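K.L.:
Any chance you could fold what I've pasted below:
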Amino acid sequence: MGTISKHFSYREFEASPTADHLGICNVIVTPEVRDAVKALVLEVLEPLRTKWGEPLHVNSGYRCPDLNKAVGGVPTSQHQKGEAADIKADNPLELARLAMVLGLPFDQMILYPTFVHFSHKLNGKQRRQVLYNKSYKGPKL
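P.N.:
Residues are numbered from 1 along each chain as shown. Got it, this is the predicted structure:
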């Protein structure tokens, strides 16, 4: 599909070592998923990347149902809709703080020890819900 923004492409949302290892085809095939990924990037991730000033790496973006199941994702995961991405961060708390300061329209932001999960609904109100994974032991926002 190609480039979404200055710093993000559809390819990085489809990339998955787990899918490669298991022979799962994790390709965006519907316009709805493509549009959801694009909205997430343009509304949340690209503005965050621009202010962060350093590359942001997508650990997990789009997940087809087979990949979502293989990684233990919940059946209602926004990753399956193209509405979520896990962004690797040396300092997840600082990345999350920046998202808050910028007032980014995320639906959920979940802090993990090594990444931040950002989601953005394609349609509907963004909840701006901040959560902490049980493995996250750092300070809270």
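K.L.:
distance between stretch 96-112 and the chain's centre?
P.N.:
11 Å (C-alpha atoms, centre = their mean, to the nearest Å).
K.L.:
backbone phi and psi for the nearest residue to residue 89 once chain neighbours are set aside, please?
P.N.:
Leaving aside its sequence neighbours, residue 89 sits nearest to residue 95 (C-beta to C-beta, 6 or more residues apart in numbering; 4.4 Å). In short, each C-beta sits where N, CA and C put it, glycine included. Here is the backbone geometry of residue 95 (degrees, to the nearest 10): phi -60, psi -40.
K.L.:
Burial check on residue 95, number of neighbours?
P.N.:
20 (other C-beta atoms under 10 Å).
K.L.:
Pull the contacting residues for residue 98.
P.N.:
48, 51, 52 (C-beta atoms under 8 Å, 6 or more residues apart in numbering).
K.L.:
Can you tell me which of those residues has the most neighbours?
P.N.:
Counting neighbours by other C-beta under 10 Å, residue 48 leads the contacts of residue 98 with 22 neighbours.
K.L.:
hang on, the residue nearest to residue 89 packs against residue 86?
P.N.:
No - the criterion here is C-beta atoms under 8 Å, and residue 95 misses it with residue 86 at 11.5 Å.
K.L.:
any common contacting residues for these two?
P.N.:
Between them, residue 95 and residue 86 share the contacting residues residue 116, judged by C-beta under 8 Å, 6+ apart.
K.L.:
now the strands for the chain?
P.N.:
Under the criterion DSSP state E, the chain contains strands at 57-60, 84-88, 108-111, 115-119, 129-132.
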